[in-house]
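Undergrad: Pasting the sequence and the predicted model now:
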Amino acid sequence: MNRKLLPLFFAAAAAAAAAAGCSSAPGSNASRPAPTPTPGALARVNPYVVEETDTYTIQRYPKEEYIRVDDHHIKHPILGFNIEFFREDDRYYYVSVPKRIP
């Protein structure tokens, strides 16, 4: 390749890369997946947190670790106090835990 054509080659390659990177088609944003929400502070340190808002968290507890007391209460076998749950599935009990608001 001639030395005079080398800068022209690099300029053409840079222009092609820039054109491929910024698409101005009207539907280009629709093909992108939605961004995943960043987990809250409690969800990062507590593996039981499923959802976190400003006023409460939803936590899920494995059924094999808790004893069912009645239709809406479970208890931990060692701690012994009752916990009210609002939903359950095959593997977990779901508990709403309010946050302390200062």
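TA: All right, it came through fine.
Undergrad: What is the burial count for the residue lying closest to residue 59 once chain neighbours are set aside?
TA: Leaving out its chain neighbours, the residue that sits closest to residue 59 by Cβ to Cβ, 6 or more residues apart in numbering is residue 48, at 4.4 Å. Backbone N, C-alpha and C define where each C-beta goes, glycine included. Using other Cβ atoms under 10 Å, residue 48 has 16 other residues around it.
Undergrad: Torsion angles phi and psi at the nearest residue to residue 58 once chain neighbours are set aside?
TA: If the residues on either side of it in the chain are set aside, residue 58 comes closest to residue 51, at 4.1 Å by Cβ to Cβ, 6+ apart. Main-chain torsions, residue 51, degrees, to the nearest 10: phi -140, psi 140.
Undergrad: so how far is residue 32 from residue 51?
TA: For residue 51, the distance to residue 32 equals 24 Å [Cβ to Cβ, to the nearest Å].
Undergrad: How about residue 92?
TA: 32 Å.
Undergrad: Same check on residue 74?
TA: 42 Å.
Undergrad: What of residue 53?
TA: If you go by Cβ to Cβ, the gap between residue 53 and residue 32 works out to 26 Å.
Undergrad: One more: residue 97?
TA: 34 Å.
Undergrad: The two: which has the busier surroundings?
TA: Higher neighbour count among residue 97 and residue 32: residue 97, with 14 against 7, using other Cβ under 10 Å.
Undergrad: you'd agree that one is up against residue 59?
TA: Yes: with contact defined as Cβ atoms under 8 Å, residue 97 counts as touching residue 59 (5.7 Å).
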